[in-house]
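In: below is the sequence, then the predicted model.
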Protein chains: 2
Amino acid sequence: MSKQAEFAVILKMNAMFADLGTDELQRLANLCHTQHLGNGEVLFQKGDAGDALFGVRRGQVRIETGASDGSRLTLNFMGPGDLFGEVAVLDGQNRTADATAGEASELFVLRREDFLAFLEREPKVAIKIIALLCQRIRWQSERMEESMLQPLPVRLARRLCALAADFGSEVHISQEQLGVFVGAARESVNRQLQAWRKEAILDLQRGRILLRNMTKLTAIARNE
Amino acid sequence: MSKQAEFAVILKMNAMFADLGTDELQRLANLCHTQHLGNGEVLFQKGDAGDALFGVRRGQVRIETGASDGSRLTLNFMGPGDLFGEVAVLDGQNRTADATAGEASELFVLRREDFLAFLEREPKVAIKIIALLCQRIRWQSERMEESMLQPLPVRLARRLCALAADFGSEVHISQEQLGVFVGAARESVNRQLQAWRKEAILDLQRGRILLRNMTKLTAIARNE
DNA sequence: GGGGAAGTGTGTCATAAGTCACATAACTTT
DNA sequence: AAAGTTATGTGACTTATGACACACTTCCCC
């Protein structure tokens, strides 16, 4: 399979491009380049212009942010097939976090200027993108309002389920970072995790959480 | 001033269209119609297709939602110069609330089909709209995360400031509705308002709040 | 004008979650 | 292996806010 065809598949899996027609998608995918990163190499930093969309072909990219106290907090891990920077490529705003290769990686790169020229040539696609962004706005305002009002166990369970979708049942994350994710204190996270360990829903190790009973966890995430 | 020119001014005042060029804006405004509503007349209901954008020329439209217990809660008041349904006109999704004329009103109407045809003819405008939607997405995710984590006094002060921008220093709203706005219990709202009354920041009347000291209030909204 | 409905003011209590403080435990570095 | 560093576990306390209960007022309408 050609590089471009491979990228088209990745685009297709992302909600933002899922509704585009196969032909439109392929023409879009044809605009991509690839880029190699060594382990630990910096892809972009907070404040850089958002001039491209990236897809991970192989390797791993960490999205992280330097906290005010100098410590670094990982906000997300992007593995093969993941796409990031969809919004930046559309509006060109500055990056709001840093991106670093967690291992030697190869990325698909779709540059902003190429993407915009494409949209100008194909206004029907631009209109579809508009509709998708609108959906996202609605989805966000629904989710956010709902989500932050949920009690901590629900928020935590949801985040764990989301992480499980990316990493399988062995989630590699510190309880501190998990706290940042769900907007809660580390201690509260720990106490909840302990409670779930007693119910055999999961096991805890240093820097790692082993999900034992996804059924129960998703039930909690759905708020009973 | 022609009807269309008047509508162009209203569009220009809205963040979503502020960045469009004068000529583009006028061509867009030329697509509008007008519609008259009698007092209490229903403009649309929850679940209707979102097939148009509205601007208030004169009168008042209430955006409200029927709560599960049958009571109605007003989510927003739209007065002359206000625009609503910007997102619906772009993605055509169903309305999520009801809209009713609070008095005899005249509205500008920009139909979805006309708007989409316009965007297809002018892809540069479509791209600007895309950028604006992206801004909105960023803005939302920043605000939401921040906002819900703020303590109640801050959320309340922010909402009051926002209402003051629309209605001046005499905000006509029940404490119950205010509670819905900020996601808090009516009693908590009341206690906070009482505290502020003692500090001479505002005065309370039945169904009405008189803002006496916007300086202090905005200071609280900025979280000291 | 009498009776309800809606809006408001306040006290008491329960609870979720943050903060602080410290004990371990597990990795790293030298 | 010793020492330092980071991650985790847990108890005690505090605080914000929701929940309930009820009194009081104002408005509306029959």
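Out: Nice, I can see it. Numbers count the residues shown, from 1 in each chain, chains lettered A, B, ... in the order given.
In: give me the pLDDT for A:S68.
Out: A:S68 is assigned 49 on the pLDDT scale.
In: and what of A:A185?
Out: 90.
In: so who does A:Q35 touch?
Out: By Cβ atoms under 8 Å, 6 or more residues apart in numbering or on different chains, the contact list for A:Q35 reads A:E106, A:L107, A:V109. Where you see a C-beta, it was placed from the backbone N, CA and C, and this is true even at glycine.
In: an error on my part: the question was meant for A:E106.
Out: A:E106 touches A:T34, A:Q35, A:H36, A:L37, A:V56, A:R57, A:R58, A:G59, counting by Cβ under 8 Å, 6+ apart.
In: just the buried members of the residues you listed?
Out: A:L37, A:V56, A:R57, A:G59 (16 or more other Cβ atoms under 10 Å in any protein chain shown).
In: among those residues, which are located in strands?
Out: Among these, the ones falling in strands (DSSP state E) are A:L37, A:V56, A:R57.
In: so which of those residues is the closest to A:G85?
Out: Checking these against A:G85 by Cβ to Cβ gives A:V56 as the nearest, at 11.2 Å.
In: circling back to that earlier point, could the contacts of A:Q35 go into CSV alongside pLDDT, distance to DNA strand D and secondary structure?
Out: Putting the contacts of A:Q35 into CSV (pLDDT from 0 to 100; distance: Cβ to the nearest atom of the strand, whole Å; DSSP: H, G, I helix; E, B strand; the rest coil) gives the following:
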residue, pLDDT, distance to DNA strand D, secondary structure
A:E106, 95, 28, strand
A:L107, 96, 27, strand
A:V109, 96, 31, strand
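In: let me have these in TSV, adding distance to B:S2 as columns.
Out: Converted to TSV, these look like this (distance: Cβ to Cβ, whole Å):
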residue	distance to B:S2
A:E106	58
A:L107	53
A:V109	48
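In: nearest to B:T22, of those?
Out: Among the contacts of A:Q35, and counting by Cβ to Cβ, the member closest to B:T22 is A:V109, at 36.5 Å.
In: just the pLDDT at the closest residue to that closest one other than its chain neighbours, thanks.
Out: For A:V109, ignoring the flanking residues on the chain, the nearest one in space by Cβ to Cβ, 6 or more residues apart in numbering or on different chains is A:H33 at 4.6 Å. Looking at A:H33, its pLDDT is 95.
In: now for A:H33, how many residues are close by?
Out: For A:H33, the count of nearby residues is 13 (other Cβ atoms under 10 Å in any protein chain shown).
In: do the top helix by length along chain A and chain B meet?
Out: As assigned by DSSP state H, the longest helix anywhere in chain A is helix A:123-149. Yes - residues of helix A:123-149 are located near chain B by Cβ under 8 Å from any Cβ of the partner chain, namely A:123-124, A:126-127, A:129-131, A:133-138, A:140-141, A:144-145, A:148-149.
In: list buried residues within those residues.
Out: Buried members of the residues of helix A:123-149 next to chain B, scored by 16+ other Cβ under 10 Å, are A:123-124, A:126-127, A:129-131, A:133-137, A:140-141, A:144, A:148.
In: list the contacts of the residue nearest to A:S169 when sequence neighbours are not counted.
Out: Nearest non-adjacent residue to A:S169, counting by Cβ to Cβ, 6+ apart: A:L211, 4.3 Å away. Contacts for A:L211 (Cβ under 8 Å, 6+ apart) come out as A:L160, A:A164, A:S169, A:E170, A:V171, A:I201, A:L202, A:L217.
In: for beta bridges, what are the partners of A:L211?
Out: Note on A:L211: beta-bridge partners by DSSP bridges are A:L202.
In: DNA strand D versus that one, what's the distance?
Out: Applying Cβ to the nearest atom of the strand, to the nearest Å, the value for A:L211 to DNA strand D is 14 Å.
In: just to revisit the earlier point, from the ones in strands among the buried ones among the contacts of A:E106, which single one is nearest A:V89?
Out: Of those, the one sitting nearest to A:V89 (Cβ to Cβ) turns out to be A:V56, at 15.1 Å.
In: ok, now which ones touch the closest one?
Out: A:M78, A:G79, A:P80, A:G81, A:D82, A:L83, A:S105, A:E106, A:L107, A:F108.
In: in ChimeraX, how would I select just the buried ones from the residues you listed?
Out: Command for ChimeraX that selects the buried part of the contacts of A:V56, burial taken from 16+ other Cβ under 10 Å:
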select /A:78,82,83,105,106,107,108
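In: can you list the contacts of A:V56 in TSV and add secondary structure?
Out: Formatted as TSV, those follow (DSSP: H, G, I helix; E, B strand; the rest coil):
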residue	secondary structure
A:M78	strand
A:G79	coil
A:P80	coil
A:G81	coil
A:D82	coil
A:L83	strand
A:S105	strand
A:E106	strand
A:L107	strand
A:F108	strand
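In: which of the contacts of A:V56 lies closest to B:V87?
Out: A:L83 (23.7 Å).
In: in stretch A:147-165, which residues are buried?
Out: A:147-148, A:152-161, A:163-164.
In: can you tell me if that stretch touches DNA strand D.
Out: No - Stretch A:147-165 stays clear of DNA strand D (Cβ under 7 Å from any atom of the strand), getting no nearer than 8.6 Å.
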